[in-house]
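Enquirer: below are the sequence and a predicted model for it; my questions follow.
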Amino acid sequence: MTVAVCCSSLIFRGGATQNDSYRLNCRKRCAYSGLHCLKWFDPSDTLKAMSDYRRVYIPGGCYFFTVVTYRRQAIFADGRNVARLRQAFKAVKAKRPFELTAAVVLPDHLHCIWQLPEGDANYSVRWQMIKTDFSRSMTTEVKADAAKTVWQPRFFEHCIRDEADFQRHLDYIHYNPVKHGLTDSPANWPHSSFRRFVAGGEYPLHWGNAGVPASADFDCE
């Protein structure tokens, strides 16, 4: 897979100049972002102070996301709920288009990579719409603030920097069911984009069967 470099959306931040800009290849376009703005955090820790966290919004950017269910409930152990989630994605994409490049759904969380349309950086409103659409289809406990106990507040995002970063997160997504002991092979997990990538010639069918690939050996849980 190659990344087409597009400089039409080059953005300079933090006083950078064209000579010292860093181009982020997001598969179809690139943009400059001060990488000091990126901060990894554990999405399962809702008590962690977030006041110093600054999200990175790049029009037309390519992003990796982790979204977790409320108190790690195994909502998606039920295949019917995975189908409801697919429908929520479909409905939101029809209203606010984006490319769902890769995804995996596990019982209590999901990971995915999105490519946003040129000139559009608003992934937050899309996630709000997806969560709301899915929650409406669920019969579950309601909290004091009238919110359903389906999703954990907030989510984790990481702006993909270049082709190597894209491949690393793609591998992480597809190896995740094996990492969590849910299957012995990425190809055997039903709620994943892995087989689509195999069909496209980007993975051998038995990739990930012989242990943790070095590229996927990090933590975004």
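Expert: Received, thanks. Residues are numbered from 1 along each chain as shown.

Enquirer: so where do the helices sit in the protein?
Expert: For the chain, the helices defined by DSSP state H cover 79-95, 123-136, 163-179, 194-199.

Enquirer: ok, which of these comes nearest Tyr70?
Expert: The closest of the helices of the chain to Tyr70 is helix 123-136. By Cβ to Cβ, the value is 9.9 Å. In this view, the C-beta of every residue, glycine as well, is placed from N, C-alpha and C.

Enquirer: could you list the buried residues of that closest one?
Expert: Burial within helix 123-136, assessed by neighbour count using 16 or more other Cβ atoms under 10 Å, is assigned to Tyr123, Arg126, Trp127, Met129, Ile130, Lys131, Asp133, Phe134, Ser135.

Enquirer: wait, doesn't the first one sit right on Phe156?
Expert: No: with contact defined as Cβ atoms under 8 Å, Tyr123 and Phe156 do not form a contacting pair (11.8 Å).

Enquirer: quick revisit: out of the buried residues of helix 123-136, who's nearest Val198?
Expert: Nearest to Val198 among the buried residues of helix 123-136, with distances taken as Cβ to Cβ, is Ile130, at 26.2 Å.

Enquirer: list the contacts of that closest one.
Expert: Leu85, Ala88, Phe89, Val92 (Cβ atoms under 8 Å, 6 or more residues apart in numbering).

Enquirer: and the helices of the chain, which is most packed in?
Expert: For these, the largest average neighbour count (mean count of other Cβ atoms under 10 Å) is found in helix 163-179, namely a mean of 21.

Enquirer: next, format the contacts of Ile130 as a markdown table and append distance to Thr183 and pLDDT.
Expert: Converted to a markdown table, the contacts of Ile130 look like this (distance: Cβ to Cβ, whole Å; pLDDT from 0 to 100):
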| residue | distance to Thr183 | pLDDT |
| --- | --- | --- |
| Leu85 | 19 | 98 |
| Ala88 | 24 | 98 |
| Phe89 | 22 | 98 |
| Val92 | 28 | 98 |
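
Enquirer: centroid-nearest residue for the chain?
Expert: Phe65 (2.4 Å; Cα atoms, centre = their mean).

Enquirer: isn't it right up against Glu157?
Expert: Yes: Phe65 is in contact with Glu157 according to Cβ under 8 Å; the separation is 5.4 Å.

Enquirer: what segments of the protein are strands?
Expert: 23-25, 30-32, 62-68, 99-105, 109-115, 156-159 (DSSP state E).

Enquirer: winner for burial among these?
Expert: Ranked by mean neighbours (mean count of other Cβ under 10 Å), those are led by strand 30-32, with a mean of 24.

Enquirer: ok, Tyr160 to Pro190 distance?
Expert: Heads up, residue 160 is Ile, not Tyr. 26 Å (Cβ to Cβ, to the nearest Å).

Enquirer: likewise for Val56?
Expert: In terms of Cβ to Cβ, Val56 sits 32 Å off from Pro190.

Enquirer: which one of the two has more residues nearby?
Expert: Set side by side, Val56 and Pro190 show more neighbours around Val56, with 19 against 11, by other Cβ atoms under 10 Å.

Enquirer: so that one sits against Glu157, correct?
Expert: Yes: counting by Cβ under 8 Å, Val56 touches Glu157, with 7.5 Å between them.
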